[in-house]
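A.B. asks: Everything below, folded, please.
(chains A, B, C and D)
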2 protein chains.
Amino acid sequence: MRGRSDAPQGEKPAPAKERIHTAIARQLGVLIVSGAYKPGDLLDNEIASSEQLQVSRSAYREAMRILAAKGLVESRPKTGTRVSPQSHWRLLDPEVLAWLFESQPSLEFLKGLFELRMIVEPEAAALAASRRTSDDVSRMRRALQDMERNTVATDEGRAADREFHDAVLDATRNPVVISLASGIGAAVRWTTIYKQRDRSLPRDPMPEHWKVFDAIAMGSPDEARIAMQALVAQAQEDTRLSL
Amino acid sequence: MRGRSDAPQGEKPAPAKERIHTAIARQLGVLIVSGAYKPGDLLDNEIASSEQLQVSRSAYREAMRILAAKGLVESRPKTGTRVSPQSHWRLLDPEVLAWLFESQPSLEFLKGLFELRMIVEPEAAALAASRRTSDDVSRMRRALQDMERNTVATDEGRAADREFHDAVLDATRNPVVISLASGIGAAVRWTTIYKQRDRSLPRDPMPEHWKVFDAIAMGSPDEARIAMQALVAQAQEDTRLSL
DNA sequence: ACAGCTTGTATTACTCGGACAAAATGAAAT
DNA sequence: ATTTCATTTTGTCCGAGTAATACAAGCTGT
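C.D. replies: From the prediction side, this is the model:
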């Protein structure tokens, strides 16, 4: 190790062009989670695959390490690289989630995703209500105001939406719950876009959001839980309608 | 792609020796999650690091891809590779979890882990109670019988314990919840070992397990939820006492 | 003199190609 | 049935060159 940053806290300055290993991982990742490659399927060997994809073996191997780290494939000498059973996939990993949404995800999966949000987020809101600091409250208020000003029809509005959900999870002060934020955030992002697709923007999501905010700000776990249940239920319903 | 396996369903034949990239990822992963390397810290460049670790640059780079895939580090040209903020870590990834438990995890983290189990598993049990098939029930019964026969003092008993929890999550028929099984299973494994460490094995966990089983077998979601709450609470309490 | 833009330079990860080693399967020989 | 051996595949290593980017220096217009 060489250095230690002194709390840079700055913004991420650059979008950064996609690297080859990332691109290969994404391409194959999409093929796997979309079902084009099925669990148990054997991939071509490294030489053949890297030639087909027009990349070096090193880049292809790094892509394999990424997919393996996310539980999508498993490699062994002589046997080759096989697609792992779905139960091994890290479905809440933000990148896996992004790959899933890159090709219409199955209804079964969408249902499952909302079912988990319905389990986790209300309890998270309840925890947040009992542990939030005034900083948390300010952050949530700011997020909702941004969301209100821009509406969820804009990128800024959707970012504010995610920021609100992140702030709630952060306020739980539970590192494990917080680590789910990136996954849940991705889910929020994609399903919001879905809802937006068919023009008839459904209901105004702001009232439900403010109810959650009020309950958390007031420090009422039970009310926060109920309000968040209503919020997720509405999102679920709107997403269901747009399909 | 080349072939498609015909449902091999066989056991995993080999333990497989740890590869170098895996070993490096684990070593650095442990250093990161244990706090030896802190978020924002800059790692040495690839050349220096791979030389210090006595491995090739390729192997080191593949290790970096693994760590990056799990959200532990982020690499960019010119800037180098830095440890990511904790909120980016995939804390429920089974490997990350294993790395955490390789060096005494913080109390804060253990609390968070049980808090999440307390949120997810009772609801999962409730879902399982309303969706389980007779096959699920048989599987759970077999697991509990194995657990009873071997006790949690043995590896076989602990494996049966995990098998039971897996069976419950599988019975939810929710792919996202099921994908949490490997993480929760790892948590069950490690905390069970923890409890075992101090000789005085605390309470007999079987009665609570059978209550969960009965409720699920009977198809009573509410009872299953409550029984699972009690089960996790007991595990939490026993773990707390042994620390 | 100064703010803003452009250019240059050095550092770093990224990509490539080729070679050999090690693991594991399945067949052959005992 | 057991052991031996050959083959396939991933694993590991090395060395070279490319591309992205932070930072400093220079330029430009006011």
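A.B. asks: What are the boundaries of the helices in chain A?
C.D. replies: Assigned helices in chain A, in chain order: A:20-33, A:46-52, A:57-69, A:94-102, A:107-131, A:134-150, A:155-171, A:175-179, A:181-197, A:206-218, A:221-241 (criterion: DSSP state H).
A.B. asks: Tabulate those helices (CSV), appending distance to B:Thr172, mean pLDDT and mean neighbour count.
C.D. replies: Heads up, the C-betas are built off the backbone N, CA and C, glycines and all. Below are the helices of chain A laid out as CSV (distance: least, Cβ to Cβ, whole Å; pLDDT from 0 to 100; neighbours: other Cβ atoms under 10 Å in any protein chain shown):
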stretch, distance to B:Thr172, mean pLDDT, mean neighbour count
helix A:20-33, 20, 98, 21
helix A:46-52, 35, 97, 15
helix A:57-69, 25, 98, 23
helix A:94-102, 19, 95, 21
helix A:107-131, 8, 96, 22
helix A:134-150, 31, 97, 16
helix A:155-171, 22, 94, 21
helix A:175-179, 19, 96, 22
helix A:181-197, 17, 82, 20
helix A:206-218, 26, 97, 19
helix A:221-241, 17, 94, 19
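A.B. asks: could you redo those helices as a markdown table and give each row distance to chain B?
C.D. replies: What follows is the helices of chain A, written out as a markdown table (distance: least, Cβ to the nearest Cβ, whole Å):
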| stretch | distance to chain B |
| --- | --- |
| helix A:20-33 | 7 |
| helix A:46-52 | 8 |
| helix A:57-69 | 4 |
| helix A:94-102 | 8 |
| helix A:107-131 | 4 |
| helix A:134-150 | 14 |
| helix A:155-171 | 8 |
| helix A:175-179 | 4 |
| helix A:181-197 | 7 |
| helix A:206-218 | 17 |
| helix A:221-241 | 11 |
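A.B. asks: As CSV, these with distance to A:Ser84 would be great.
C.D. replies: Output for the helices of chain A, formatted as CSV (distance: least, Cβ to Cβ, whole Å):
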stretch, distance to A:Ser84
helix A:20-33, 9
helix A:46-52, 17
helix A:57-69, 8
helix A:94-102, 12
helix A:107-131, 17
helix A:134-150, 37
helix A:155-171, 28
helix A:175-179, 22
helix A:181-197, 19
helix A:206-218, 37
helix A:221-241, 28
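A.B. asks: Would you tell me which of the ones you listed gets closest to B:Ala124?
C.D. replies: Counting by Cβ to Cβ, B:Ala124 lies closest to helix A:107-131 out of the helices of chain A; the figure is 7.9 Å.
A.B. asks: Tell me which of the helices of chain A lies nearest to B:Met228.
C.D. replies: Short answer: helix A:107-131, nearest of the helices of chain A by Cβ to Cβ, at 12.6 Å.
A.B. asks: so which of the helices of chain A gets nearest DNA strand D?
C.D. replies: Proximity to DNA strand D (Cβ to the nearest atom of the strand) singles out helix A:46-52 among those, at 3.9 Å.
A.B. asks: State the distance from the residue in chain A that DNA strand D sits nearest to to A:Tyr60.
C.D. replies: Taking Cβ to the nearest atom of the strand as the measure, chain A has A:Asn45 as its residue closest to DNA strand D, at 3.0 Å. Distance of A:Asn45 to A:Tyr60, computed by Cβ to Cβ, to the nearest Å: 10 Å.
A.B. asks: Quick check, central residue of chain A?
C.D. replies: A:Ala186 (2.4 Å; Cα atoms, centre = their mean).
A.B. asks: Leaving out the residues flanking it, which one is nearest to A:Trp89?
C.D. replies: Leaving aside its sequence neighbours, A:Trp89 sits nearest to A:Gly71 (Cβ to Cβ, 6 or more residues apart in numbering or on different chains; 5.0 Å).
A.B. asks: cool, and A:Gly35?
C.D. replies: Nearest to A:Gly35 is A:Ser106, by Cβ to Cβ, 6+ apart, at 8.0 Å.
A.B. asks: likewise A:Glu46?
C.D. replies: A:Arg57 (5.4 Å).
A.B. asks: residue contacts, the one you found?
C.D. replies: For A:Arg57, the contact set (Cβ atoms under 8 Å, 6 or more residues apart in numbering or on different chains) comprises A:46-47, A:50.
A.B. asks: Against the centre of chain A, work out the most remote residue.
C.D. replies: Extreme point of chain A relative to centroid (Cα atoms, centre = their mean) is A:Lys78; 35.5 Å.
A.B. asks: what about that one, distance to A:Gln54?
C.D. replies: A:Lys78 is 26 Å from A:Gln54, by Cβ to Cβ.
A.B. asks: Could you report the distance from A:Gly219 to chain B?
C.D. replies: Note on A:Gly219: its distance to chain B, by Cβ to the nearest Cβ, to the nearest Å, is 18 Å.
A.B. asks: Over to A:Val152?
C.D. replies: 23 Å.
A.B. asks: what's the domain layout of chain A?
C.D. replies: A:20-88, A:106-241 (automatic domain parsing).
A.B. asks: Can you lay out these as TSV showing distance to DNA strand C?
C.D. replies: Compiled in TSV, the domains of chain A are given as follows (distance: least, Cβ to the nearest atom of the strand, whole Å):
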stretch	distance to DNA strand C
domain A:20-88	3
domain A:106-241	19
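A.B. asks: Using a markdown table, please lay out those together with distance to B:Pro39.
C.D. replies: Listed next are these as a markdown table, based on distance: least, Cβ to Cβ, whole Å:
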| stretch | distance to B:Pro39 |
| --- | --- |
| domain A:20-88 | 19 |
| domain A:106-241 | 12 |
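A.B. asks: what about the residue of chain A closest to DNA strand D, how many neighbours?
C.D. replies: Using other Cβ atoms under 10 Å in any protein chain shown, A:Asn45 has 11 other residues around it.
A.B. asks: Looking at strand pairing, list the partners for the nearest residue to it once chain neighbours are set aside.
C.D. replies: The shortest distance from A:Asn45 to any non-neighbouring residue, by Cβ to Cβ, 6+ apart, is to A:Gly80 (6.1 Å). Here A:Gly80 sits in beta bridges with A:Arg76, going by DSSP bridges.
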